[in-house]
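Asks: can you look at this prediction? I've put the sequence above it.
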Amino acid sequence: MGAAAAALALLLPGMPRSAAATASDGSADPGYIGFRLLEAPVVRRDDPRALKYIVDHLKPGTVIERRFEVDNQTATGRKVQLYPGAAKIADNAFVFAEGRTPNELTRWTRVKPSALTLGPWEKREAKVTITVPDTATPGERYAVVWAESGTPPDEHHNIGSIMRVGTRVYLDVSDSGEYADFRIQKIIAVRDKDGRPSVVARVRNTGKRALDLRGNLHIGEGPGGLDAGTHPVTEGITLPPGGSGTVKVEGLERSLPAGPWKVRLELESGMVRHSLSARLIFPKPGGISAAWIMSSSTRPYWYAGAGFLALSGAVLMFVRSRSRRIA
C-alpha cells in the first residue's frame, strides 16, 4: 500500500499532552516538541494570558519582539519548522487556519530562525518579530506562531505524522488607550431530562479586546445550610469585541436539592474580573429556572496607552511550566 497523506497532531491550550502522539492508528509516532514563551510585556507581567500568549496593544509603526523556546522531548533528532499562521475568532472559539495560511497579521510577522535542527532532548531559542505598518488601521488581529515537526511515511508506516505546537497572538492596533471589559448578563439553572443539573450564564464582551473566559461557581447556603462546593466553568469560550456567549457549569450531582441556593459566579479573562451573586432554584427535569440577581461587580481594566508598551519593553518570564497548547 502506498504512502498516505500525513496525519496531523496539534497541541492546543486545554488539549491533553498525550494528544500529539495519537494522530492516527498505525501512524509513525511524532514524539513531542515543547513550546513556551520566554518574555511578556512589562505592563502585562500580572496578566496570566500574557504568560502563555502574545497579547499586545500597539500604535501603527511599532515593532515588538518576543523570544520563545522550542525543545525536542524525544531521543531522536528532529527538524522543526517555525512560522506564523492565520487565525480568527469564530463561533466564540479561537480558530486557526491550516498550514501556512496567511492573513494581515502573519504578513507583519517574522520568525527567526525559520527552522531548527534539534538533537535528542535539546532546547533552542527563537524570536518572533511583529512590525505594524504606519498605515495599519485600528482593530484586533489574530494569528498563531507555530513550531512544526513531522515524521514521513516509511517502509514500516503507511501514514506519516505532523505535529504542531505554538502560541496564540492577539494584537490590537490603535492610537488610543486599550480597554477590556465584559458583563455577566444573566444566570439560569437547568436540569436535563435525565435530572442532571447545570448552571448557564450569558456574558457580553463590552470592551475592545477579545476575551478568553474562565472561572468558578460556588453553590452554598442551600436547604438546611448545605454547601455544594465550588465548580469550574467550561473553558474554551473566546468572545470577540462586542460578542456574546455562554459559559456553563456542569458535572453537578444529580441528587442536588432544588434549593433555593446562593451562588456566586466569578469570571476572568487576563486581568479583567467580574462576579455575580444570585439566588436560584434548580427546576424539575427538563426545566429551566432564572436566578434572582443579588449583586454584580464592576471592574473594567484599562491598560497603558498605546505606545507605552514599545517603551517599556519585555520582561523575562520566570514561569517554568511549559506551554504545550495554543489558545
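Replies: That came in fine, so what should we check first?
Asks: same for the longest strand seen in the chain, what does it pack against?
Replies: Ranked by number of residues, the top strand in the chain under DSSP state E is strand 159-173. Strand 159-173 is packed against strand 4-11, strand 33-37, strand 54-58, strand 78-90, strand 139-151, with contacts defined by 3 or more C-beta pairs under 8 Å, 6 or more residues apart in numbering; DSSP states H and E. Yep, even glycine has a C-beta here, placed from its N, CA and C like the rest.
Asks: could you pull up the mean pLDDT of the first one?
Replies: Confidence over strand 4-11 (mean pLDDT, whole number) is 35.
Asks: and for residue 172, the neighbour number?
Replies: Using other C-beta atoms under 10 Å, residue 172 has 21 other residues around it.
Asks: for it, what are its contacts?
Replies: By C-beta atoms under 8 Å, 6 or more residues apart in numbering, residue 172 lies in contact with 56-58, 139-141, 178, 208-209.
Asks: re earlier: adjacent strands (with direction) for the helix or strand following the longest strand of the chain?
Replies: With elements assigned by DSSP states H and E, the helix or strand that comes after strand 159-173 is strand 179-180. When pairing is defined by DSSP bridges, strand 179-180 lines up against strand 301-302 (antiparallel).
Asks: quick one: mean pLDDT over stretch 61-72.
Replies: 95.
Asks: for stretch 126-144, same thing?
Replies: 96.
Asks: check stretch 202-209 too.
Replies: 94.
Asks: what about residue 245, neighbour count?
Replies: Neighbour number of residue 245 under other C-beta under 10 Å is 19.
Asks: that one pairs with what?
Replies: Here residue 245, judged by DSSP bridges, has bridge partners residue 203.
Asks: from residue 190, how far out is it?
Replies: 16 Å (C-beta to C-beta, to the nearest Å).
Asks: strands paired with the longest strand of the chain, and their directions?
Replies: Counting by DSSP bridges, strand 159-173 is paired with strand 4-11 (parallel), strand 54-58 (parallel), strand 139-151 (antiparallel).
Asks: what angle separates it from strand 33-37?
Replies: 10 degrees (axes from the mean of the first three to the mean of the last three C-alpha atoms, to 10 degrees).
Asks: return the distance of strand 159-173 from the chain's centre.
Replies: 12 Å (C-alpha atoms, centre = their mean, to the nearest Å).
Asks: same question, stretch 85-97
Replies: 11 Å.
Asks: about what we covered before: name the nearest of the contacts of residue 172 relative to residue 236.
Replies: residue 209 (17.8 Å; C-beta to C-beta).
Asks: phi, psi for that closest one please.
Replies: phi -130, psi 150 (degrees, to the nearest 10).
Asks: hmm, it is touching residue 240, no?
Replies: No - between residue 209 and residue 240 there is no contact under C-beta atoms under 8 Å: 9.2 Å.
Asks: those two: which has the busier surroundings?
Replies: residue 209 (24 against 18).
Asks: gap between the more buried one and residue 47?
Replies: From residue 209 to residue 47 the distance is 11 Å (C-beta to C-beta).
Asks: which among the helices and strands packed on strand 159-173 is found nearest to residue 198?
Replies: Going by C-beta to C-beta, the one of those nearest residue 198 is strand 78-90, 24.6 Å.
Asks: the helix or strand that the closest one is followed by packs against which elements?
Replies: Scanning forward in sequence from strand 78-90 by DSSP H and E, the next helix or strand is strand 93-96. With contacts taken as 3+ C-beta pairs under 8 Å, 6+ apart, strand 93-96 sits against strand 78-90.
Asks: please save the CA atoms from the helix or strand hosting residue 186 in CSV.
Replies: Element membership for residue 186, per DSSP H and E: strand 182-191. Taking Å, rounded to 0.1, in the frame of the first residue of the first chain, the C-alpha atoms of strand 182-191 are listed here in CSV:
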residue,chain,number,x,y,z
PHE,A,182,-17.3,42.2,29.9
ARG,A,183,-20.7,42.0,31.7
ILE,A,184,-22.4,38.9,33.1
GLN,A,185,-25.9,39.5,31.8
LYS,A,186,-27.9,36.7,33.4
ILE,A,187,-27.7,33.3,35.0
ILE,A,188,-30.1,30.3,34.9
ALA,A,189,-30.4,26.9,36.5
VAL,A,190,-31.1,23.9,34.2
ARG,A,191,-32.0,20.2,34.7
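Asks: let's have the chain start at 419 instead
Replies: Fine by me, first position is 419 from now on; the one you just mentioned is strand 600-609.
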